[in-house]
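Participant: Could you work out the structure for the sequence below:
(one chain, ligands or ions: 1)
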Amino acid sequence: MKYKHLFGPVPSRRLGLSLGIDPVPYKTCSFDCVYCECGATTKLTAARNEYIPVDEIISELDSFLSSNPTLDYITFSGSGEPTLNIVIGRVLSYLKKNFSQYKIAVLTNSSLFSDPEVREELLLADVIMPSLDAVSENVFQKINRPASGINISEIINGLIDFRKEFSGKIWLEIFIITGINDTDEEIEKLHAVLNKINPDLIQLNSLDRPGTENWVVPADEETLEKFKKKFADLPVVTISNYQNREKIGSYNLKIEDAILSTISRRPCTAEDLSEILDIHIAELNKYLDTLHENGRIEAVKKPRGIFFKTTV
Ligand code: SF4
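Facilitator: I've put the predicted structure just below:
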(Lines give C-alpha, C1' and ligand atoms only; values in the text may rest on other atoms or scores of the structure.)
Protein backbone atom coordinates (compact mmCIF):
# COMPACT_ATOMS: atom_id res chain seq x y z
CA MET A 1 0.00 0.00 0.00
CA LYS A 2 1.24 3.47 -0.85
CA TYR A 3 0.86 5.71 2.19
CA LYS A 4 -0.21 9.32 1.75
CA HIS A 5 -0.66 10.35 5.36
CA LEU A 6 1.90 8.15 7.15
CA PHE A 7 5.66 8.50 6.90
CA GLY A 8 8.69 6.69 8.25
CA PRO A 9 9.32 5.14 10.67
CA VAL A 10 11.72 8.05 11.01
CA PRO A 11 14.85 8.21 13.16
CA SER A 12 13.72 10.84 15.65
CA ARG A 13 16.25 12.16 18.17
CA ARG A 14 13.64 12.66 20.84
CA LEU A 15 11.29 9.76 20.12
CA GLY A 16 13.56 7.04 18.74
CA LEU A 17 11.79 4.97 16.10
CA SER A 18 8.73 6.96 15.24
CA LEU A 19 5.93 6.39 12.72
CA GLY A 20 4.63 9.79 11.60
CA ILE A 21 0.99 10.67 10.91
CA ASP A 22 0.52 13.89 8.93
CA PRO A 23 -3.19 14.70 9.27
CA VAL A 24 -3.22 17.96 7.25
CA PRO A 25 -2.21 18.84 3.66
CA TYR A 26 1.29 20.19 3.02
CA LYS A 27 2.00 23.42 4.97
CA THR A 28 -1.52 23.89 6.30
CA CYS A 29 -0.65 25.64 9.51
CA SER A 30 -1.86 28.23 12.00
CA PHE A 31 1.68 29.68 12.10
CA ASP A 32 4.24 30.74 9.52
CA CYS A 33 7.37 30.44 11.67
CA VAL A 34 10.54 32.16 10.54
CA TYR A 35 12.50 28.98 11.33
CA CYS A 36 10.22 26.40 9.71
CA GLU A 37 12.24 23.73 7.93
CA CYS A 38 9.28 22.77 5.74
CA GLY A 39 9.21 26.16 3.97
CA ALA A 40 6.69 29.01 4.03
CA THR A 41 3.12 28.23 5.10
CA THR A 42 0.91 28.03 2.01
CA LYS A 43 -2.41 27.79 3.89
CA LEU A 44 -2.32 29.99 6.99
CA THR A 45 -5.46 29.26 8.98
CA ALA A 46 -6.80 28.77 12.49
CA ALA A 47 -9.93 27.00 11.19
CA ARG A 48 -10.33 23.37 12.19
CA ASN A 49 -11.62 21.02 9.55
CA GLU A 50 -11.56 17.39 8.45
CA TYR A 51 -8.62 18.24 6.16
CA ILE A 52 -7.88 14.53 5.63
CA PRO A 53 -10.87 12.21 6.08
CA VAL A 54 -10.69 10.06 9.20
CA ASP A 55 -11.34 6.86 7.20
CA GLU A 56 -8.29 7.48 5.02
CA ILE A 57 -6.02 7.89 8.04
CA ILE A 58 -7.45 4.86 9.82
CA SER A 59 -7.23 2.60 6.79
CA GLU A 60 -3.54 3.50 6.33
CA LEU A 61 -2.89 2.85 10.03
CA ASP A 62 -4.68 -0.52 9.86
CA SER A 63 -2.57 -1.53 6.90
CA PHE A 64 0.77 -0.36 8.35
CA LEU A 65 0.23 -1.66 11.87
CA SER A 66 -1.22 -5.04 10.83
CA SER A 67 2.31 -6.51 10.72
CA ASN A 68 2.88 -5.39 14.32
CA PRO A 69 6.06 -3.37 13.55
CA THR A 70 8.52 -2.38 16.27
CA LEU A 71 8.07 1.31 17.05
CA ASP A 72 8.89 3.57 19.98
CA TYR A 73 6.11 6.02 19.14
CA ILE A 74 3.35 6.85 16.71
CA THR A 75 3.60 10.61 16.29
CA PHE A 76 1.19 13.20 14.94
CA SER A 77 3.47 15.67 13.17
CA GLY A 78 4.38 16.49 9.58
CA SER A 79 4.48 19.70 7.61
CA GLY A 80 1.66 21.61 9.31
CA GLU A 81 -0.33 21.80 12.56
CA PRO A 82 -1.92 18.40 13.41
CA THR A 83 -4.62 19.77 15.75
CA LEU A 84 -6.17 21.67 12.82
CA ASN A 85 -7.67 18.35 11.77
CA ILE A 86 -10.89 17.97 13.72
CA VAL A 87 -10.57 14.15 13.70
CA ILE A 88 -7.33 13.99 15.70
CA GLY A 89 -9.17 12.83 18.86
CA ARG A 90 -10.99 10.09 16.94
CA VAL A 91 -7.75 8.76 15.45
CA LEU A 92 -6.10 8.83 18.88
CA SER A 93 -8.93 6.90 20.48
CA TYR A 94 -8.96 4.39 17.57
CA LEU A 95 -5.25 3.75 18.10
CA LYS A 96 -5.63 3.34 21.86
CA LYS A 97 -8.52 0.89 21.37
CA ASN A 98 -7.00 -1.19 18.58
CA PHE A 99 -3.23 -0.81 18.90
CA SER A 100 -2.76 -0.14 22.59
CA GLN A 101 0.79 -1.53 22.55
CA TYR A 102 2.03 1.71 20.96
CA LYS A 103 2.77 4.98 22.69
CA ILE A 104 1.43 8.11 21.02
CA ALA A 105 3.06 11.53 20.80
CA VAL A 106 1.64 14.77 19.38
CA LEU A 107 3.85 17.59 18.14
CA THR A 108 1.90 20.83 18.21
CA ASN A 109 2.53 24.56 17.97
CA SER A 110 0.02 25.01 20.88
CA SER A 111 -1.97 27.57 18.88
CA LEU A 112 -5.35 25.92 19.54
CA PHE A 113 -4.83 25.11 23.23
CA SER A 114 -7.19 27.89 24.24
CA ASP A 115 -9.98 25.66 22.87
CA PRO A 116 -11.13 23.20 25.57
CA GLU A 117 -12.29 20.74 22.89
CA VAL A 118 -8.80 20.54 21.38
CA ARG A 119 -7.30 19.93 24.82
CA GLU A 120 -9.83 17.20 25.54
CA GLU A 121 -9.12 15.46 22.22
CA LEU A 122 -5.45 15.16 23.16
CA LEU A 123 -5.96 13.59 26.58
CA LEU A 124 -5.36 10.03 25.36
CA ALA A 125 -1.84 10.78 24.11
CA ASP A 126 1.18 9.62 26.10
CA VAL A 127 3.37 12.62 25.28
CA ILE A 128 2.43 16.09 24.08
CA MET A 129 5.25 18.17 22.64
CA PRO A 130 4.00 21.75 22.50
CA SER A 131 6.05 24.71 21.28
CA LEU A 132 6.31 27.99 23.09
CA ASP A 133 8.84 30.43 21.67
CA ALA A 134 7.68 33.68 23.28
CA VAL A 135 5.61 35.28 26.01
CA SER A 136 5.43 38.87 24.73
CA GLU A 137 2.91 39.40 21.94
CA ASN A 138 5.36 41.36 19.74
CA VAL A 139 8.03 38.65 20.03
CA PHE A 140 5.42 35.97 19.29
CA GLN A 141 4.27 37.85 16.17
CA LYS A 142 7.85 38.24 14.92
CA ILE A 143 8.76 34.56 15.30
CA ASN A 144 5.56 32.61 14.73
CA ARG A 145 3.56 34.97 12.46
CA PRO A 146 0.21 33.40 13.44
CA ALA A 147 -3.13 33.34 11.62
CA SER A 148 -5.38 36.21 12.68
CA GLY A 149 -7.21 35.81 15.96
CA ILE A 150 -4.42 33.84 17.69
CA ASN A 151 -2.68 35.55 20.58
CA ILE A 152 0.02 34.35 22.92
CA SER A 153 -1.68 35.02 26.25
CA GLU A 154 -4.59 32.70 25.33
CA ILE A 155 -2.11 30.02 24.25
CA ILE A 156 -0.27 30.28 27.57
CA ASN A 157 -3.51 30.05 29.56
CA GLY A 158 -4.48 27.01 27.47
CA LEU A 159 -1.15 25.32 28.26
CA ILE A 160 -1.58 26.03 31.99
CA ASP A 161 -5.09 24.51 31.88
CA PHE A 162 -3.89 21.53 29.87
CA ARG A 163 -1.26 20.70 32.50
CA LYS A 164 -4.05 20.38 35.08
CA GLU A 165 -6.18 18.20 32.79
CA PHE A 166 -3.55 15.92 31.24
CA SER A 167 -1.87 13.07 33.13
CA GLY A 168 0.71 12.19 30.43
CA LYS A 169 4.07 13.83 29.78
CA ILE A 170 4.50 17.36 28.46
CA TRP A 171 7.82 17.99 26.72
CA LEU A 172 7.78 21.67 25.83
CA GLU A 173 10.05 23.00 23.11
CA ILE A 174 11.48 26.51 22.86
CA PHE A 175 13.08 27.51 19.59
CA ILE A 176 15.76 30.11 20.23
CA ILE A 177 15.99 32.90 17.67
CA THR A 178 19.09 35.00 18.21
CA GLY A 179 18.23 38.68 18.60
CA ILE A 180 14.47 38.06 19.05
CA ASN A 181 13.58 35.85 22.03
CA ASP A 182 16.98 35.73 23.76
CA THR A 183 16.80 39.06 25.62
CA ASP A 184 17.06 38.94 29.42
CA GLU A 185 13.54 40.32 29.65
CA GLU A 186 11.98 37.63 27.43
CA ILE A 187 13.91 34.82 29.14
CA GLU A 188 12.66 36.11 32.51
CA LYS A 189 9.08 36.10 31.23
CA LEU A 190 9.49 32.60 29.79
CA HIS A 191 10.85 31.40 33.11
CA ALA A 192 7.82 32.72 35.00
CA VAL A 193 5.39 31.15 32.54
CA LEU A 194 7.22 27.80 32.49
CA ASN A 195 6.83 27.65 36.26
CA LYS A 196 3.09 27.93 35.78
CA ILE A 197 2.86 25.41 32.91
CA ASN A 198 5.11 22.99 34.77
CA PRO A 199 6.20 20.77 31.83
CA ASP A 200 7.99 17.47 32.50
CA LEU A 201 10.79 18.55 30.21
CA ILE A 202 11.88 21.74 28.45
CA GLN A 203 13.79 21.22 25.24
CA LEU A 204 15.85 24.09 23.86
CA ASN A 205 16.11 23.96 20.10
CA SER A 206 17.94 26.04 17.57
CA LEU A 207 18.41 26.07 13.83
CA ASP A 208 20.09 22.99 12.30
CA ARG A 209 20.13 24.39 8.79
CA PRO A 210 18.59 27.43 7.05
CA GLY A 211 14.89 27.95 7.78
CA THR A 212 12.22 29.92 5.91
CA GLU A 213 13.95 33.27 6.56
CA ASN A 214 17.66 33.53 5.90
CA TRP A 215 18.29 36.04 8.70
CA VAL A 216 17.59 33.28 11.26
CA VAL A 217 20.91 31.91 12.46
CA PRO A 218 21.71 29.08 14.90
CA ALA A 219 21.99 30.09 18.56
CA ASP A 220 25.61 29.97 19.72
CA GLU A 221 26.82 28.07 22.80
CA GLU A 222 26.86 31.26 24.88
CA THR A 223 23.16 31.91 24.22
CA LEU A 224 22.20 28.29 24.96
CA GLU A 225 24.16 28.52 28.21
CA LYS A 226 22.38 31.77 29.12
CA PHE A 227 19.00 30.01 28.78
CA LYS A 228 20.19 26.94 30.69
CA LYS A 229 21.50 29.11 33.52
CA LYS A 230 18.26 31.08 33.83
CA PHE A 231 16.24 27.85 33.74
CA ALA A 232 18.58 26.02 36.14
CA ASP A 233 15.71 25.22 38.52
CA LEU A 234 13.67 23.67 35.69
CA PRO A 235 14.01 20.32 33.84
CA VAL A 236 15.82 21.75 30.82
CA VAL A 237 17.87 20.03 28.10
CA THR A 238 19.19 21.06 24.70
CA ILE A 239 18.33 19.04 21.62
CA SER A 240 22.05 18.23 21.25
CA ASN A 241 21.76 16.17 24.44
CA TYR A 242 19.92 13.55 22.41
CA GLN A 243 21.52 10.64 20.62
CA ASN A 244 22.69 10.91 17.02
CA ARG A 245 20.08 9.89 14.51
CA GLU A 246 22.49 7.52 12.75
CA LYS A 247 22.46 5.36 15.87
CA ILE A 248 18.68 4.93 15.80
CA GLY A 249 17.61 1.60 14.29
CA SER A 250 15.43 3.05 11.54
CA TYR A 251 18.14 5.29 10.08
CA ASN A 252 18.07 4.29 6.42
CA LEU A 253 21.38 4.65 4.60
CA LYS A 254 19.64 4.02 1.28
CA ILE A 255 17.65 7.24 1.74
CA GLU A 256 20.85 9.09 2.60
CA ASP A 257 22.53 7.75 -0.56
CA ALA A 258 19.52 8.63 -2.71
CA ILE A 259 19.59 12.23 -1.41
CA LEU A 260 23.34 12.57 -1.97
CA SER A 261 23.26 11.11 -5.45
CA THR A 262 20.32 13.35 -6.48
CA ILE A 263 21.85 16.60 -5.24
CA SER A 264 25.29 15.75 -6.55
CA ARG A 265 23.76 16.02 -10.04
CA ARG A 266 21.85 19.24 -9.36
CA PRO A 267 21.03 21.21 -6.19
CA CYS A 268 17.43 20.71 -5.02
CA THR A 269 15.08 22.16 -2.43
CA ALA A 270 13.59 19.89 0.25
CA GLU A 271 10.26 20.02 -1.62
CA ASP A 272 11.99 18.95 -4.89
CA LEU A 273 13.70 16.06 -3.12
CA SER A 274 10.51 14.98 -1.43
CA GLU A 275 8.82 14.79 -4.82
CA ILE A 276 11.70 13.19 -6.74
CA LEU A 277 12.41 10.54 -4.10
CA ASP A 278 8.76 10.16 -3.07
CA ILE A 279 9.57 10.65 0.62
CA HIS A 280 7.42 12.65 3.02
CA ILE A 281 8.94 16.09 3.65
CA ALA A 282 9.07 15.53 7.43
CA GLU A 283 10.96 12.26 6.95
CA LEU A 284 13.30 13.84 4.42
CA ASN A 285 14.06 16.72 6.80
CA LYS A 286 15.50 14.30 9.39
CA TYR A 287 18.06 13.10 6.84
CA LEU A 288 18.86 16.62 5.62
CA ASP A 289 19.49 17.67 9.23
CA THR A 290 21.93 14.80 9.78
CA LEU A 291 23.76 15.33 6.48
CA HIS A 292 24.01 19.06 7.19
CA GLU A 293 25.26 18.46 10.74
CA ASN A 294 27.91 16.08 9.43
CA GLY A 295 29.07 18.65 6.86
CA ARG A 296 28.17 16.46 3.89
CA ILE A 297 25.71 18.91 2.34
CA GLU A 298 25.36 22.67 2.33
CA ALA A 299 22.34 24.92 2.00
CA VAL A 300 22.20 27.87 -0.36
CA LYS A 301 19.41 30.47 -0.30
CA LYS A 302 18.00 31.26 -3.76
CA PRO A 303 14.84 33.11 -4.85
CA ARG A 304 12.87 29.82 -5.15
CA GLY A 305 13.93 28.67 -1.67
CA ILE A 306 16.78 26.84 0.08
CA PHE A 307 18.76 24.56 -2.20
CA PHE A 308 20.91 21.68 -0.98
CA LYS A 309 24.12 20.57 -2.63
CA THR A 310 26.91 18.19 -1.70
CA THR A 311 30.04 19.64 -0.15
CA VAL A 312 32.52 17.43 -2.06
S1 SF4 B 1 7.51 25.18 12.46
FE2 SF4 B 1 5.62 24.04 12.80
S3 SF4 B 1 4.20 25.59 13.54
FE4 SF4 B 1 5.85 26.69 12.60
S5 SF4 B 1 5.20 27.04 10.46
FE6 SF4 B 1 6.41 25.14 10.50
S7 SF4 B 1 4.88 23.54 10.71
FE8 SF4 B 1 3.86 25.47 11.32
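
Participant: interface residues of the stretch 51-200 of the chain facing the ligand?
Facilitator: Taking Cβ under 6 Å from any ligand atom as the contact definition, the stretch 51-200 of the chain meets the ligand at 80, 81, 109. Every C-beta, even on glycine, is put in place using the N, C-alpha and C of the backbone.

Participant: Residue 110 is in contact with the second one, correct?
Facilitator: No: between residue 81 and residue 110 there is no contact, the gap being 9.4 Å when judged by Cβ atoms under 8 Å.

Participant: For the residue sitting nearest the centre point of the chain, what are phi and psi?
Facilitator: Using Cα atoms, centre = their mean, the residue of the chain that lies closest to the mean C-alpha position is residue 107, 5.4 Å off. Residue 107 adopts backbone torsions of phi -90, psi 130, taken as degrees, to the nearest 10.

Participant: Could you do residue 28 as well?
Facilitator: Dihedral angles (degrees, to the nearest 10) for residue 28: phi -100, psi 110.

Participant: all helices of this protein, in order?
Facilitator: Shown for the chain, the helices assigned by DSSP state H span residues 54-65, 88-98, 116-121, 137-144, 152-165, 184-197, 221-230, 253-265, 270-277, 281-293.

Participant: Please identify the most buried of those helices.
Facilitator: A comparison of the helices of the chain by mean neighbour count, using mean count of other Cβ atoms under 10 Å, puts helix 281-293 on top with a mean of 21.

Participant: what's next to that helix, contact-wise?
Facilitator: For helix 281-293, contacts defined as Cβ atoms under 8 Å, 6 or more residues apart in numbering pick out 7-8, 10-12, 20, 22, 26, 37-38, 77-79, 208-209, 244-246, 251, 255-256, 259-260, 270-271, 273-274, 277, 297-299, 308.

Participant: Select only the buried ones of the residues you listed in ChimeraX?
Facilitator: Restricted to buried positions by 16 or more other Cβ atoms under 10 Å, the ChimeraX selection for those reads:
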select :7,8,10,11,12,20,22,26,37,38,77,78,79,208,209,245,251,255,256,259,260,270,271,273,274,277,297,298,299,308
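
Participant: among the contacts of helix 281-293, which are in strands?
Facilitator: Applying DSSP state E to the contacts of helix 281-293, the entries found in strands are 7, 8, 10, 11, 12, 20, 297, 298, 299, 308.

Participant: Residue 72: which of those is nearest?
Facilitator: residue 12 (8.0 Å; Cβ to Cβ).

Participant: Show me what the closest one is bridged to.
Facilitator: Note on residue 12: beta-bridge partners by DSSP bridges are residue 16.

Participant: what about it, distance to the ligand?
Facilitator: 15 Å (Cβ to the nearest ligand atom, to the nearest Å).

Participant: shouldn't residue 121 be in contact with residue 91?
Facilitator: No: here residue 121 does not reach residue 91: they are 9.5 Å apart, not a contact under Cβ under 8 Å.

Participant: which one of the residues of the stretch 51-200 of the chain next to the ligand is nearest residue 265?
Facilitator: The closest of those, once distances to residue 265 are taken by Cβ to Cβ, is residue 80, at 30.1 Å.

Participant: Return the distance of that closest one relative to residue 102.
Facilitator: Remark: distance between residue 80 and residue 102 (Cβ to Cβ, to the nearest Å) = 23 Å.

Participant: Tell me which of those two has more neighbours.
Facilitator: Neighbour totals were compared for residue 80 and residue 102, and residue 80 leads with 27 against 18 (other Cβ atoms under 10 Å).

Participant: separation between residue 235 and residue 257?
Facilitator: Residue 235 sits 38 Å away from residue 257, going by Cβ to Cβ.

Participant: cool, residue 104 as well?
Facilitator: Using Cβ to Cβ, we find residue 104 at a distance of 32 Å from residue 257.

Participant: what do you get for residue 152?
Facilitator: Taking Cβ to Cβ, one finds residue 152 at 43 Å from residue 257.

Participant: Over to residue 133?
Facilitator: Look at residue 133 and residue 257: by Cβ to Cβ, they are 35 Å apart.
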